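Student: got a predicted structure plus its sequence, pasted below:
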Amino acid sequence: MNFNLSRTWIIAGVALLAVVILFYLHSAGLIRPGLQPAPASSDPNARIAYVTATTIPMEMQVVGSIESLVPVELSSNVSARVRAVRVRAGQRITLGEILIEMDPSDLDAGVAQARAAVAGAQAELARSRADWRRYSALYSRGSATAQERDAAEAAYRSARAHAQQAEAAVAAGKSALAYATVRSPVEGVVMDRMAEPGDMAMPGKPLLRVYDTRAVRATFAVPEALLKSIRPGSPVRINVDAVHREFAATITEIIPAADPASRSVTMRADLPAGAGLQPGMFVRASLGVGRETVLTIPRGAVETVGQLSTVRVRTQGSVELRQVALGREIDQRVEVLAGLNGGETVLLEPSPKPSPAVR
């Protein structure tokens, strides 16, 4: 039993001694986890590249939406009851297409009344003309006074004016009757329908909203601090996720007033027609606001496994595998956000099979 006890104490002592030695080596820096150098390339002519500083345009991305360059709100020019609405929201329309029909009964009656007034005015005009001619003849023979002749002439001129007024009323009635049919002023799409059969249409009351599909633009707000670096004609890239397309455009309008709540300025850029763009779509606008210097390396120096990007760095005759954070791609190079310093050397050929530790 004493022999077994002694053996137990010996094993415990050896284990304790091993722990003390490992702790000492770690404290002295002789064991450094994760810094084991990778095997150096066996090829002394291995292709290398350098971490270089590259000056690139600095961009700012803002969000906005698409709007119609020619939005149209249709309303009636006359008071009449809606008889039929031939379109619905989202329906495509052509130029001159009939959209809404009004009940023309009251308008027809107005035209008939104006025509009757014309007939009466023409009859009065004929009578007054005859009187004026008769009194003029009598005056020339000395059988009528100048006052009687002048009164007949004044009556004739008044009757002629009333006849012209009655004819104008007929023209106005016909024009109002034409407004009983609402036609599309553009080729586009119906955005909203705000009238139904039986509704009373009145001047100024909107009936339909339509927009021209051949003229759309992107509108977005830019911080007022960047106003000095952006001018009409400045290039802008418009990305529309809904149609999976990016458009190269230019700034066409800058509203000359900042929003006091957001401290931003509204800008607009025209977009091409026929691209499937619709008002209200979400856009991202990328604007150049200067230049910046960033670190870049060749794309071929990066090895990606899943979400992990690594680069092999040559340092004093050895090769280290280093994890890096990458940014934008610039031609055949890629921006380095973290993990490398300017001037360091990176290898371009594939890494050897043994997997070194990653720092």
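Tutor: Received it, and whenever you're ready, just let me know what you need.

Student: any stretches of the protein with poor pLDDT?
Tutor: 1-46, 349-359 (pLDDT under 70).

Student: can you give me the helices in it?
Tutor: Assignment of helices within the chain using DSSP state H yields the ranges 2-27, 105-141, 146-178.

Student: out of the ones you listed, nearest to Leu326?
Tutor: Between Leu326 and these, the shortest separation by CB to CB is 33.3 Å, and it involves helix 2-27. For glycine as for every other residue, the C-beta is placed from the backbone atoms N, C-alpha and C.

Student: right, and Leu227 touches Val265 too?
Tutor: Yes: when contacts are counted by CB atoms under 8 Å, Leu227 is listed as touching Val265 (5.5 Å).

Student: now do the shared contacts for those two.
Tutor: With contacts taken as CB atoms under 8 Å, 6 or more residues apart in numbering, the residues that reach both Leu227 and Val265 are 254, 258.

Student: these two - which one has more neighbours?
Tutor: For Leu227 against Val265, the residue with the higher neighbour count under other CB atoms under 10 Å is Val265, and the figures read 20 against 15.

Student: so what's the more buried one bridging to?
Tutor: Val222, Ala258 (DSSP bridges).

Student: picking up where we left off before, Arg291: which of the helices of the chain is closest?
Tutor: Taking CB to CB as the criterion, helix 2-27 is the member of the helices of the chain that comes nearest to Arg291, at 47.6 Å.

Student: the helices of the chain into TSV, with extra columns for mean neighbour count and distance to Pro223?
Tutor: Listed next are the helices of the chain as TSV, based on neighbours: other CB atoms under 10 Å; distance: least, CB to CB, whole Å:
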stretch	mean neighbour count	distance to Pro223
helix 2-27	10	52
helix 105-141	15	54
helix 146-178	16	50
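
Student: tabulate those helices (a markdown table), appending distance to Met194.
Tutor: Conversion of the helices of the chain to a markdown table gives the following (distance: least, CB to CB, whole Å):
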| stretch | distance to Met194 |
| --- | --- |
| helix 2-27 | 78 |
| helix 105-141 | 22 |
| helix 146-178 | 22 |
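
Student: out of the ones you listed, flag the one nearest Gly300.
Tutor: Across the helices of the chain, closest to Gly300 is helix 2-27 (CB to CB), at 37.9 Å.

Student: now the end-to-end length of stretch 221-237.
Tutor: In terms of CA to CA, to the nearest Å, the two terminal residues of stretch 221-237 are separated by 14 Å.

Student: and that stretch, what's buried?
Tutor: For stretch 221-237, a neighbour-count test (16 or more other CB atoms under 10 Å) marks 221-222, 226, 230, 234, 236-237 as buried.

Student: then stretch 285-304?
Tutor: Residues of stretch 285-304 classed as buried under the neighbour-count rule (16+ other CB under 10 Å) are 285-287, 289, 294-298, 300-302.

Student: if I look at Asp259, how far off is Glu224?
Tutor: If you measure Asp259 against Glu224 using CB to CB, to the nearest Å, the figure is 9 Å.

Student: nothing else from me, thank you.
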